[in-house]
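[1] Can you look at this prediction? I've put the sequence above it.
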Amino acid sequence: MSRSYVADAIINMPFSGIRKFFDIASQMEGIVSLGVGEPDFETPWNIREEAIYRLERGNTIYTSNAGLLELRQAISTYMRDSFSLSYSPNDQILVTVGASEGIDVSMRAIINPGDEVLLAEPCFVSYKPCIIMAGGIPVVIKTKAENDFRLTPEDILPCITEKTKALLMAYPSNPTGAIMEKADLEQIAEVLRERDILTISDEIYAELTYGAKHVSIASLPGMVERTIVLGGFSKAFSMTGWRLGYACGPAEIITAMLKIHQYTLMCAPTVSQYAGVEAFRGSMGSVSRMRKEYDNRRRVMVNGFRSMGMDCFEPRGAFYVFPSIKKTGLTSEEFCTRLLYEDKVAVVPGNAFGESGEGFIRCSYAYSVDSLREALRRIENFLGKLGNTRCQ
């Protein structure tokens, strides 16, 4: 073949750093994996039972492109009751194939070629590629551990140009576990309002915060009309494989996203949508129980790393810890590769989430306490074998 038929942008795009280590680990025996952000809880029974019932009734045909009206109404009620946000089920809510689709179609709906999108890093691996595939230019804003990985006006202002179209951020954060409280968000909102910059706020972990209730930036004055809120069922309801999410925002933008969605995906899985209705109706107690267990695991991980002498930022949301491995003298890739092959623990190098993640590793605590303790034991053993006393 004399030439490549693959687009240059895709050729130059790296594979996900998360999947790289997970795929290697899946081929090895005796691995303890803390690599994938997937809850180890089963989807609550009432949700599964509703799905079974819908299958038995034959409710398997296409829904409206925007999603079942009943589900959009349930999402509207949830957003109102949980975050004081008012969205019309008719034209301000789109049911998506996971929050991941929401990221993709929101970028494609708003970006013209050459538009710049501010991107708070470290961040989820798909954000930058989605901006690039939509023809935009990602402008990275590096957040720092010493500032609890929070976004500040001082971080944002130097990055704004006449081409700035939007800010893409996610709190609670994957990979850091950082959150933004109301006072933090108010400062950011002031900058965005003054410059009429759109916000895409990925709030997939909104139900998983510890010690502080989640606040959506869209709930602040003057922000609902310039914010797309993305959410979903994967994390809080342990429904990763159901592929169900949603986008809420101004009618003009949601309508544009709907156009892309109807041409590419038609609708989210029908049975999953019925299950989503049931999730909001009767599973919030299950969410509370899972959150309590995650909080326990969070403390196990933070205390474990700190007892080894590692610097470990205390996450207050999601289910990840992001400890620093800088004292070892290894890069994130070196640390994770050696840990995987020498002591059979799979974690994700921090640079998979952007250059500002270098010097850190991401460990998911969406696993049993026994698995977490075994992983910590092996990591401590690995540090000991390094002959490196700088973590002590």
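    Everything's here; your move. No experiment lies behind these values; they were computed from the predicted model shown. Numbering: from 1, shown residues only.
[2] can you give me the helices in this protein?
    8-11, 17-25, 45-57, 69-83, 98-110, 127-133, 153-156, 182-194, 251-264, 270-282, 284-307, 332-343, 369-385 (DSSP state H).
[3] how big is the angle separating the fourth one from helix 284-307?
    I take that to be helix 69-83. 50 degrees (axes from the mean of the first three to the mean of the last three Cα atoms, to 10 degrees).
[4] I'd say Thr331 and Glu358 touch.
    Yes - counting by Cβ atoms under 8 Å, Thr331 touches Glu358, with 6.8 Å between them. C-beta: built from backbone N, CA, C; applies to glycine.
[5] Now do the shared contacts for those two.
    Asn351 (Cβ atoms under 8 Å, 6 or more residues apart in numbering).
[6] And the helices of the chain: which comes nearest Ser219?
    helix 69-83 (5.5 Å; Cβ to Cβ).
[7] Give me the residues contacting the closest one.
    66, 85-90, 93, 95, 206, 214-216, 218-219, 229, 231, 246, 248, 273-274, 276-277, 280-281.
[8] For ChimeraX, what selects the buried ones among those residues?
    In ChimeraX syntax, the buried subset of the contacts of helix 69-83 is picked out as below (16 or more other Cβ atoms under 10 Å):
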select :66,85,87,89,93,95,206,214,215,216,218,219,229,231,246,248,273,274,276,277,280
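[9] Average pLDDT for stretch 368-381, rounded please.
    Averaging pLDDT along stretch 368-381 yields 97.
[10] And the contacts of it?
    32, 34, 40, 296-297, 300-301, 304-305, 308, 339, 343-345, 363, 365, 367.
[11] Ok, stretch 141-160 next?
    Residues contacting stretch 141-160 (Cβ under 8 Å, 6+ apart): 118-122, 139, 167, 169, 173, 176, 178, 180, 184, 187-188, 190-191, 195, 197, 311, 313, 322, 324, 354-356, 360.
[12] Next step: those restricted to strands.
    Residues of the contacts of stretch 141-160 located in strands (DSSP state E): Leu118, Leu119, Ala120, Glu121, Val139, Leu167, Met169.
[13] can you list those in TSV and add neighbour count and pLDDT?
    Formatted as TSV, the ones in strands among the contacts of stretch 141-160 follow (neighbours: other Cβ atoms under 10 Å; pLDDT from 0 to 100):
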residue	neighbour count	pLDDT
Leu118	25	98
Leu119	24	97
Ala120	26	96
Glu121	22	97
Val139	17	98
Leu167	27	98
Met169	25	97
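[14] Domain parsing of this protein, as residue ranges.
    Domain ranges of the chain: 8-43+285-384, 60-282, per automatic domain parsing.
[15] Quick one: closest of those domains to Glu49.
    domain 60-282 (8.0 Å).
[16] start to end distance for the closest one?
    22 Å (Cα to Cα, to the nearest Å).
[17] That domain: how far from the chain's middle?
    Averaged C-alpha coordinates place domain 60-282 at 10 Å from its chain's average position (Cα atoms, centre = their mean, to the nearest Å).
[18] which other residues reach the lowest-mean-pLDDT helix or strand in the chain?
    Ranking every helix and strand in the chain by mean pLDDT, DSSP states H and E puts helix 17-25 at the bottom, with a mean of 73. Applying Cβ under 8 Å, 6+ apart, the external contacts of helix 17-25 come out as 31, 33, 35-36, 125, 336, 340, 346-349, 351-353.
[19] If you rank those by neighbours, which is first?
    Among those, Val348 has the most neighbours (other Cβ atoms under 10 Å), with 30 neighbours.
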